[in-house]
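Colleague: Here is a sequence together with a model predicted from it:
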Amino acid sequence: MPTSPPPGRWNDVARATGLLGPDGAVAQTIFAEMTALAARTGAINLGQGFPDVDGPEFIRTAAKDAIDAGRNQYPPGDGVPELRRAIADHQLRHYGLDVDPDTEVLVTTGATEALAASILALAGPGDEVVTLEPFYDSHAAGIALAGATHVPVPLTAEGFRLDAAALRAAVTPRTRLIVLNTPHNPTGTVLTRAELEQVAAIARESDAVVLTDEVYEHLTFGDAVHVPIATLPGMAERTLTVSSSGKTFSLTGWKVGWVHGPAELVTAVRTVKQFLTYTSGAPFQPAIARALGDDETPRALATSLAARRDLLCEGLTAAGFDVVVPQGTYFVVADGAHLLGRLGVADGHDLCRRLPELAGVVGVPVSAFCRPGSPTSAALASRVRFTFVKREDVLRDAVGRLHRLAS
Ligand SMILES: Cc1ncc(COP(=O)(O)O)c(C=O)c1O
């Protein structure tokens, strides 16, 4: 048995995601740590973003029917035809995007595989991949897996908006990919058409491909409108659009995702994806094909999430946090700066470790969504992400508990 950690790219992945301590010890992810903490202490887990109510019965029944109908062996590597067709129909109906289901759509094991396969396919050592910061952690992991260089561009401190000048300065001749995420996890920012036009102009000028993670595409609130960057002039030919059924239909464990874009880019991604999982989710794919025809379920989810967002934001504000009210997703970033001194905690990470005992609630520090040690990580050190994709009674209980911090 080796006594020291084995060499290999896993070290880069661990380092990029903040899991490698200075002593070389590998930590579990913050999500696993906080979920375990919630289980141990009985605290309400507002750390990990998964719904506590399953998606609609008709979709679950469709998966059971598919199992009974014998759809249990390897489905086609691209995804079953009815799902690829349903994805193309969905993109046309919602966004006017004309997508060929046979050559321009690839079904994947969740958005996670679509993202990893896309980055692995298009970037490698010596290439640069730009992301927003904070970012969803699997974006950084994918870049590290590819051996590419991660160039994060901070969202503005005021309101977490795109800093187009910073993006322009970050893009170089070595930039292969600009990774977007809108609606954005963890901040809840929904990039506006004007912001996306600035990204598009930079991508076109630098000849970069845009990889856009749109898993929260249907979860927007109020006036916020989700605009896929692929709909902007000249962008469909240089954009890979990733989404997934997990958030839209509250079926996060099914891991049915997809990527679509121009045939040459999808061919590149398919070439990698077929050696990652080849294929998955045989009975779930036809069920999601049926789900994608239903626009009412995501609409109702967004409406109920907007009310739950308000409940949690008001509760966090009453407890002494400053919140940036999210326009989408199911997360809110709350700044605990005013609480830290009084509670005797150092930063958001420390606050998260102490929250179960102080208030019976769990969140995750926003620093976990930043490059370890980056200026953005330091600037957001007092911020905590909470999810509101929990039943209203659970959120009311959480808000009541959080109020203990106010005294
Ligand atoms: C921004 C973002 N992208 C991708 C994913 C993962 O999606 P999937 O479960 O479909 O792999 C998540 C899940 O939390 C996410 O927040």
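Modeller: Here it is on my side, so go on. Please read all numbers here as calculations on a predicted model, not as lab measurements. Numbers count the residues shown, from 1 in each chain.

Colleague: Can you give me the separation between the closest residue to residue 309 other than its chain neighbours and residue 334?
Modeller: Excluding its sequence neighbours, the residue lying closest to residue 309 (C-beta to C-beta, 6 or more residues apart in numbering) is residue 388, at 5.2 Å. Quick note: C-beta positions are derived from backbone N, CA and C, even for glycine. Distance, residue 388 to residue 334, using C-beta to C-beta, to the nearest Å: 11 Å.

Colleague: With residue 187 instead?
Modeller: Going from residue 187 to residue 334 by C-beta to C-beta gives 11 Å.

Colleague: Can you give the contact residues for stretch 139-147?
Modeller: Under the contact criterion C-beta atoms under 8 Å, 6 or more residues apart in numbering, stretch 139-147 has outside partners 9, 12-13, 15-17, 115-116, 118-120, 123-125, 127, 129, 131, 149-150, 179, 181, 213, 371.

Colleague: care to break the chain down by domain?
Modeller: Domain assignment for the chain by automatic domain parsing gives 10-54+297-406, 57-294.

Colleague: and the ligand, which of these is closest to it?
Modeller: domain 57-294 (2.5 Å; C-beta to the nearest ligand atom).

Colleague: touching the ligand at all, that closest one?
Modeller: Yes - for domain 57-294 and the ligand, the contact criterion (C-beta under 6 Å from any ligand atom) is met by 110-112, 136, 181, 185, 213, 215, 244, 246, 252, 255, 257.

Colleague: and the host helix or strand of residue 106, what other elements does it pack with?
Modeller: Taking DSSP states H and E as the criterion, residue 106 maps to strand 105-109. Under the contact definition 3 or more C-beta pairs under 8 Å, 6 or more residues apart in numbering; DSSP states H and E, strand 105-109 sits against helix 81-95, helix 110-122, strand 256-260, helix 263-273.

Colleague: okay, those, which one's buried deepest?
Modeller: Highest mean neighbour count among these (mean count of other C-beta atoms under 10 Å): strand 256-260, with a mean of 28.

Colleague: who does it pair up with?
Modeller: strand 105-109 (antiparallel), strand 239-244 (antiparallel) (DSSP bridges).

Colleague: Turn the ones you listed into a markdown table, columns for mean pLDDT and distance to residue 306.
Modeller: Converted to a markdown table, the strands paired with strand 256-260 look like this (pLDDT from 0 to 100; distance: least, C-beta to C-beta, whole Å):
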| stretch | mean pLDDT | distance to residue 306 |
| --- | --- | --- |
| strand 105-109 | 98 | 29 |
| strand 239-244 | 98 | 20 |
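
Colleague: Who does residue 132 form a beta bridge with?
Modeller: residue 153.

Colleague: Those residues of the stretch 251-400 of the chain touching the ligand, which are they?
Modeller: Counting by C-beta under 6 Å from any ligand atom, the residues of the stretch 251-400 of the chain that sit close to the ligand are 252, 255, 257.

Colleague: just to revisit the earlier point, columns mean neighbour count on top of the strands paired with strand 256-260, output as CSV?
Modeller: Formatted as CSV, the strands paired with strand 256-260 follow (neighbours: other C-beta atoms under 10 Å):
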stretch, mean neighbour count
strand 105-109, 26
strand 239-244, 27
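
Colleague: I'd like the ones you listed written out as a markdown table, with distance to residue 345 added.
Modeller: Formatted as a markdown table, the strands paired with strand 256-260 follow (distance: least, C-beta to C-beta, whole Å):
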| stretch | distance to residue 345 |
| --- | --- |
| strand 105-109 | 38 |
| strand 239-244 | 35 |
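
Colleague: the strands in the stretch 251-400 of the chain, which residues?
Modeller: 256-260, 322-324, 331-335, 361-362, 364-365, 383-387 (DSSP state E, counting those that start in this stretch).

Colleague: Reformat those strands as a markdown table; add distance to residue 395.
Modeller: Shown next, in a markdown table, are these (distance: least, C-beta to C-beta, whole Å):
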| stretch | distance to residue 395 |
| --- | --- |
| strand 256-260 | 27 |
| strand 322-324 | 14 |
| strand 331-335 | 11 |
| strand 361-362 | 10 |
| strand 364-365 | 17 |
| strand 383-387 | 10 |
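
Colleague: can these go into CSV with extra columns for mean pLDDT?
Modeller: Below are the strands of the stretch 251-400 of the chain laid out as CSV (pLDDT from 0 to 100):
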stretch, mean pLDDT
strand 256-260, 98
strand 322-324, 97
strand 331-335, 98
strand 361-362, 96
strand 364-365, 97
strand 383-387, 98
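
Colleague: so who does residue 398 touch?
Modeller: Neighbouring residues of residue 398 by C-beta under 8 Å, 6+ apart: 44, 46, 312, 315, 360-361, 390.

Colleague: Check the gap between it and residue 82 for me.
Modeller: Using C-beta to C-beta, one gets 40 Å for the distance from residue 398 to residue 82.

Colleague: How about residue 360?
Modeller: Note on residue 360: its distance to residue 82, by C-beta to C-beta, is 46 Å.

Colleague: Now, the contacts of residue 398 that are in helices?
Modeller: 312, 315 (DSSP state H).

Colleague: Show the residue spans covered by the strands in the stretch 101-250 of the chain.
Modeller: Using DSSP E, counting those that start in this stretch, strands in the stretch 101-250 of the chain cover 105-109, 128-133, 149-154, 175-181, 209-213, 239-244.

Colleague: Could I get the pLDDT score of residue 157?
Modeller: pLDDT recorded at residue 157 is 89.

Colleague: does it really touch residue 379, like I thought?
Modeller: Yes - between residue 157 and residue 379 there is a contact at 6.2 Å, judged by C-beta atoms under 8 Å.

Colleague: The two - which one has more neighbours?
Modeller: residue 379 (15 against 11; other C-beta atoms under 10 Å).

Colleague: how far away is that one from residue 406?
Modeller: Residue 379 is 25 Å from residue 406, where distance means C-beta to C-beta.

Colleague: ditto for residue 31
Modeller: Applying C-beta to C-beta, the value for residue 31 to residue 406 is 27 Å.
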